[in-house]
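K.L.:
next comes the sequence, and after it the predicted model I'd like to discuss.
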Amino acid sequence: MAQPNSLDEYARKAERTAEVQRKVQAQVDAADQAGGGEGSKGAMQAGARSYPEPPLPEQHLEKPGQEAKLDLRPMYDAPFYKGSGKLQDCAAIVTGADSGIGRAVAVLFAREGADIAAMYLTEHEDAEETKQAVEREGRRCLLIAGDVAEADFCREAVKRTVQAFGRLDVLVNNAAFQLHVSRFEDLTEEHFDLTLKTNLYGYFHMAQAAVPHMKPGSAIVNTGSVTGLMGNKDLLDYSLTKGGIHAFTRSLSSHLIDRGIRVNAVAPGPVWTPLNPADKDAKGVSKFGADSPMKRPAQPEEIAPAYVFLASPHCSSYITGEVLPVIGGYNSR
C-alpha cells in the first residue's frame, strides 16, 4: 500500500494552523471593537497619595524660576515617608535646594538626620521656605546664595559648610540651567556657555571643593536626566551636559573608589518644578509629562527617596558609578 505523500500532510497541517490563526485573530478583533486592551486613559497613580496630571496650569515663569510663583505648587514634603536615621548626624550640601528636587532632597535628608547647607542662585523666598522645612524636621539649615559656575564661590560654600557643621558627608549636585531652542542655529554661544558653566563646571567645582573634606563612607549624588540617556531635540545643550554628568559620575566614582567615596547619579524624567515652566511656553507647560508612560510628571517627593538611597551608607554601600533612571516607565511601542 502506498504511503501518503509527506509534503501533502505538512500542507494540510499548515491549513489547520492558518485556521487557528484566523480564529485567534477574530477573538482579538472582537475585543478591540469592544474597547478591550486600551487600558486606563488617566495618569498612573501608584503612590501613597494622588498626584496632579495634565492639563496643568498654563504658566510661564521668568528665569531663574521661583517656586513661590507657581500656580500649582510642587509636592515635596512626603508626609508618608518615615525617617529611620539613614543619614543621622551627617552634613550635606544640596545645590539648587531652593525648590523642586533640591528642596525635596533637603527635607528627606533632614528627616533622616542630616544637617543641610542649601545652596541656590537668587530665589531667596523659595530658599527660606526650604530652610523652614528642614528646621521643622529638627535639623539645622544653612542658606548660601551664589553661582556654582564660579569656582571661588564653590570653595567658599564648602568652607562655610564645614565651619558650620564640622564635617561634610554628602554632596548633592543638583543646580541646573535649562532653556530650549527651536532651531539649532538659534543656540547662541552665550546660551551654550551658560548651560555648560552651570551644569558641568558647577558639578566639577563643587565636587573638587568637597572631596578633600570627605571621609570614607561619604557620597556624591549628581542629578542627571532622561535627556542625557535619550536625548532631546529641543534641549541640545542641556542634554549634552546631562550626558556629560553621567560620564563624569562613572569616571569620578572610579577615581575616588580607593578613598571610600561613592559617586552615583539619579536621572529623572519629567518632574514638576520651576525649571520647566521657566523654559516652556504656557501651553507647553499645561501638557508637561503627558507623553510619559505614566501620563503625568513626577512630583519632587517621588524622586527624593532615590537620593536618600544613594547617599546613605546603610542603603548603598556597594553601589558606585551608577546612573539610576527615575523616569516613570518605558514606552514599549
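P.N.:
Thanks, I have the structure now.

K.L.:
hang on, Phe177 in a strand?
P.N.:
No: counting by DSSP: H, G, I helix; E, B strand; the rest coil, Phe177 falls outside a strand, being coil.

K.L.:
what's the closest non-adjacent residue to it?
P.N.:
The spatial neighbour of Phe177 that comes closest, neighbours along the chain excluded (C-beta to C-beta, 6 or more residues apart in numbering), is Thr198 at 4.1 Å. Placement of C-beta: from N, CA and C, glycine included.

K.L.:
so how far is Thr95 from the one you found?
P.N.:
Distance of Thr198 to Thr95, given as C-beta to C-beta, to the nearest Å: 10 Å.

K.L.:
overlap in contacts, the two.
P.N.:
By C-beta atoms under 8 Å, 6 or more residues apart in numbering, Thr198 and Thr95 have these common neighbours: Val148, Ala175.

K.L.:
out of those two, which sits in the more crowded spot?
P.N.:
A direct count of neighbours by other C-beta atoms under 10 Å for Thr198 and Thr95 places Thr95 higher, at 27 against 23.

K.L.:
what's around Ser316, how many residues?
P.N.:
19.

K.L.:
switch to numbering from 131
P.N.:
OK, 131 is where the count begins now, so the last one is Ser446.

K.L.:
I figured it hits Ser383, correct?
P.N.:
No: contact between Ser446 and Ser383 fails when scored by C-beta atoms under 8 Å: they sit 11.9 Å apart.

K.L.:
strands of the stretch 131-280 of the chain, start to end?
P.N.:
Secondary structure of the stretch 131-280 of the chain by DSSP state E, counting those that start in this stretch: the strands cover 221-225, 245-250, 271-275.

K.L.:
burial count for Tyr211?
P.N.:
By other C-beta under 10 Å, neighbour count at Tyr211 equals 16.

K.L.:
quick one, what contacts the residue lying closest to Phe378 once chain neighbours are set aside?
P.N.:
Excluding the flanking residues, the one nearest Phe378 by C-beta to C-beta, 6+ apart is Tyr333, at 6.4 Å. Neighbouring residues of Tyr333 by C-beta under 8 Å, 6+ apart: Val278, Asn303, Asn352, Ile375, Phe378.

K.L.:
and Thr353, by the same measure?
P.N.:
Gly226, Ile231, Val302, Asn303, Asn304, Ala306, Ile375, Ala395, Val396, Pro398.

K.L.:
show me what it is bridged to.
P.N.:
On the basis of DSSP bridges, Thr353 is bridged to Val396.

K.L.:
centroid residue for this structure?
P.N.:
Pro398 (2.5 Å; C-alpha atoms, centre = their mean).

K.L.:
correct me if wrong: that residue contacts Ala234.
P.N.:
No: with contact taken as C-beta under 8 Å, Pro398 and Ala234 are classed as non-touching, separated by 11.0 Å.
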